[in-house]
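Visitor: Fold the following for me, if possible:
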Amino acid sequence: QVQLVETGGGLVQAGGSLRLSCAASGRIFSIGDMGWYRQAPGKQRELVAFITSGGTINYTDSVKGRFTISRDYAKNTVYLQMNSLKPEDTAVYYCKADRVATTLFDYGITYWGKGTLVTVSS
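Guide: Numbers count the residues shown, from 1 in each chain. Down below sits the predicted model:
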């Protein structure tokens, strides 16, 4: 069984920084894309950033220049460095891993973490 565990959320003042981590554990042969999503109260879950297996990175416009996604392929871990945080960044942040394969012959399936809460006070 594969698990994704997010850490690093918390309460921070506007302008501050946080670093989120998401570690995938279990029987893992390979992982495709890994990314971060967030869901604010009363809103739909939205993509924040993702990084492909080949290292291609994409961000949603609202976080460009403030957030940085990175990945440790050997540790099956993805990070999100969040700087210049704003109250509107307040949300539960979820990690997602696509095409998690357990063998060479397995195409893989998608896993989600349970989320970590980020609260930015004004």
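Visitor: Distance of residue 55 relative to residue 3?
Guide: Per CB to CB, to the nearest Å, residue 55 is found 24 Å from residue 3. From N, CA and C alone the C-beta is placed, and that goes for glycine too.
Visitor: Show me which parts of stretch 94-106 are buried, residue by residue.
Guide: Neighbour counts over stretch 94-106 (16 or more other CB atoms under 10 Å) mark 94-98, 100-101 as buried.
Visitor: Specify the beta-bridge partners of the spatially most central residue of the chain.
Guide: Central residue of the chain (CA atoms, centre = their mean): residue 36, 2.7 Å from the mean position. Beta-bridge partners recorded for residue 36 (DSSP bridges): residue 49, residue 95.
Visitor: Could you identify the pair within the buried residues of stretch 94-106 that is furthest apart?
Guide: Within the buried residues of stretch 94-106, two members stand farthest from each other by CB to CB: 94 and 101, at 20.8 Å.
Visitor: Show the residue spans covered by the strands in the protein.
Guide: Using DSSP state E, the strands of the chain run over 3-7, 10-13, 18-25, 34-39, 46-51, 57-59, 67-72, 77-82, 91-100, 109-112, 116-121.
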